[in-house]
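> sequence and predicted structure are below.
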Amino acid sequence: MPYSKIKDIQNSYDERNIPIEKVGVKNINYPIVVLDKIHKTQHTVASINMYVNLPKEFKGTHMSRFIEILNKYRVKIGIDNFDSILDEMIEILNAESAHLEVSFPYFIEKEAPVTKVKGLMEYKCSFIGSKKKNEKLDFMLTVKVPVTSLCPCSKEISDFGAHNQRSIITASIKFNKFVWIEELIEILETCCSCPLYSVLKRPDEKYVTEKAFNNPMFVEDMVREAAIKLKSDQRIEWFEIEAENFESIHNHSAYAYIESEKING
């Protein structure tokens, strides 16, 4: 049977009169190229979600068309062409709005603080973009940064040492001028008791242990410090920041969150 003769069920009329805000495909593993401040580009593999709105009169959307658009851009998916991809989704799928979420591991080579031994640190990052037809792109960059936090209360009340733990600081930002992933990571790594490293020799272990002990922070301290730094960056128009401590002496996590409309001046 010729392709043109096959019935298009998705385009058939739906009598329930209910529009759908997001419909599409999720969890597509796909190679992408990300801008890298040191090496210009970095190849990684992303988990991608693609959605459009569906008007109330249509039974379904054409799922295969999402994959066709993705295949067209292949490794060219990045901040610089999010706008174009969303425009194409709107046009090809006859939609009024489109959404694209790209989550991926990003690697940075870090030196140990004393011995300078190099190793790769992994950071979880996301590009999230939404667009309505004939309107501007709404784009957000998210990074998750693993760090060390040391409890100020524990240090104050204990005769020996203080409890510390692995923590995750997560920042999402919207910006009016390009912000490197590395820059956002560097900001967050200054808002903890001590950054993490992939390789540590004994002199490095001594350094990071003492650094954390001399710089105790609650989750509240970390999000407040991050908020101060993000507010001071003129490129950042909006942000949200959260910190989670995977507590070493409690059967729960400690958590703090700040969202701020960025207003400068």
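On my side now, so go ahead.

> mind listing what's buried along the helix or strand bottoming out on mean pLDDT in the chain?
Within the chain, no helix or strand scores below helix 63-73, which has a mean of 90 by mean pLDDT, DSSP states H and E. Applying a neighbour-count criterion of 16 or more other C-beta atoms under 10 Å, one finds R65, F66, I69, L70 buried in helix 63-73. All C-beta atoms are positioned from the backbone trio N, CA, C, and that covers glycine.

> and the helices in this structure, which stretches?
Residue ranges of the helices in the chain, as given by DSSP state H, are 63-73, 82-92, 152-157, 181-189, 202-213, 219-231.

> give the contact list for S84.
Under the criterion of C-beta atoms under 8 Å, 6 or more residues apart in numbering, S84 has no neighbours.

> domains for this protein, by residue range?
Annotated domains of the chain cover 13-136, 142-265 [automatic domain parsing].

> tell me the mean pLDDT for the last one?
To tie it back to what came earlier, the one meant is domain 142-265. On average, the pLDDT along domain 142-265 is 95.

> centre of the chain versus stretch 164-173, how much separation?
Relative to its parent chain, stretch 164-173 has a centroid offset of 12 Å by C-alpha atoms, centre = their mean, to the nearest Å.

> pull the longest strand from this structure.
Using DSSP state E to define each element, the chain has its longest strand at strand 20-36.

> what packs against it?
strand 40-54, helix 63-73, strand 97-111 (3 or more C-beta pairs under 8 Å, 6 or more residues apart in numbering; DSSP states H and E).

> now the angle from the first one to strand 97-111?
This means strand 40-54. Angle, strand 40-54 to strand 97-111, by axes from the mean of the first three to the mean of the last three C-alpha atoms, to 10 degrees: 160 degrees.

> ok, strand 40-54: who's next to it in the sheet?
Strand 40-54 has the following strand partners under DSSP bridges: strand 20-36 (antiparallel), strand 97-111 (antiparallel).

> which residues does T41 bridge with?
The partner residues for T41, given DSSP bridges, come to L35.

> next, the contact list for it, please.
So, once contact is read as C-beta under 8 Å, 6+ apart, T41 ends up touching V33, V34, L35.

> contact partners for the first one?
With contacts defined as C-beta under 8 Å, 6+ apart, V33 is in contact with T41, Q42, H43, T44, V75, K76, I77, G78.

> how close does it get to R235?
Distance of V33 to R235, given as C-beta to C-beta, to the nearest Å: 23 Å.

> do A243 as well
Taken as C-beta to C-beta, the span from A243 to R235 is 22 Å.

> neighbour count for the two, which is higher?
For the pair A243 and R235, the greater number of neighbours falls to A243 (31 against 14), based on other C-beta atoms under 10 Å.

> now A171: closest residue in space, sequence neighbours ignored.
I241 (5.0 Å; C-beta to C-beta, 6 or more residues apart in numbering).

> what is the neighbour count of the one you found?
Neighbours around I241, by other C-beta under 10 Å: 25.

> how about it, what does it touch?
I169, T170, A171, S172, V223, A226, A227, L230, Y257, I258, E259.

> tell me what it is bridged to.
A171, I258.

> how near is it to T170?
I241 is 7 Å from T170, by C-beta to C-beta.

> one step back: show me what the least confident helix or strand of the chain packs onto, helices and strands only.
Looks like helix 63-73 contacts strand 20-36, strand 40-54, helix 82-92 (3+ C-beta pairs under 8 Å, 6+ apart).

> okay, it in CSV with CA atoms only?
The C-alpha trace of helix 63-73 is given here as CSV (Å, rounded to 0.1, in the frame of the first residue of the first chain):
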residue,chain,number,x,y,z
MET,A,63,6.4,10.3,17.8
SER,A,64,8.7,9.3,14.9
ARG,A,65,9.1,12.9,13.9
PHE,A,66,10.9,13.7,17.2
ILE,A,67,13.5,11.1,16.3
GLU,A,68,13.8,12.4,12.8
ILE,A,69,14.6,15.9,14.1
LEU,A,70,17.1,14.5,16.5
ASN,A,71,18.8,12.5,13.8
LYS,A,72,19.0,15.6,11.7
TYR,A,73,21.1,17.4,14.3
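
> okay then, goodbye and thanks.
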